[in-house]
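> please work out how this folds:
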Amino acid sequence: MRPFQLLSAIAIFLSLETVEAAAYWNCNGTPIPDERARSAARLAFSFVPNTVHGCPSVYRVEYPGVEFGTLRTFPIKNSDESWQGGNVDYYVLANIGLSVMEVFVVEANNKRCTKVAG
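Model prediction:
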């Protein structure tokens, strides 16, 4: 390799940025990006309950010594679009601060998805 080629290669290498992999939810082999789940959770708290095709649903869960607050569910589409009605394949369950958030697969009897760190 000639010196100017080596310098070009080094310059290109140094200009590359490390891209961190984004977290996602593994739902029976289907990846749901964490940001999509968070977006759906935020939507759950931006609508009046049961006003968007029966969603969001509201749950109040009480366990001794644990405060979840009000939990809501909202469907997640496996695309970049927000759910606008119709079939529900995935949904998020979260509290308003998103400190509690889980994603579930409807077709697998509401099986909880596994969060994979990015």
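> quick one, longest strand in this protein?
Longest strand in the chain, counting residues (DSSP state E): strand 66-76.
> for that one, packing partners?
Secondary-structure packing of strand 66-76 (3 or more C-beta pairs under 8 Å, 6 or more residues apart in numbering; DSSP states H and E): helix 34-44, strand 57-63, strand 90-95. No exception for glycine: its C-beta is placed from N, CA and C like everyone else's.
> for the residue nearest in space to the middle of the chain, which residues are in contact?
Residue closest to the mean C-alpha point of the chain, counted by C-alpha atoms, centre = their mean, is Ala37 at 2.2 Å. By C-beta atoms under 8 Å, 6 or more residues apart in numbering, the contact set of Ala37 is 25, 76, 92, 101, 103.
> now it: how far from Val100?
According to C-beta to C-beta, to the nearest Å, Ala37 and Val100 sit 12 Å apart.
> who is Thr70 paired with across the strands?
Arg60 (DSSP bridges).
> for burial, what's the neighbour tally of it?
13 (other C-beta atoms under 10 Å).
> pLDDT value on the closest residue to Ser57 other than its chain neighbours, please?
If you skip the residues right next to it in sequence, Ser57 has Thr73 as its closest partner in space, 4.7 Å away by C-beta to C-beta, 6 or more residues apart in numbering. For Thr73, the pLDDT comes out at 95.
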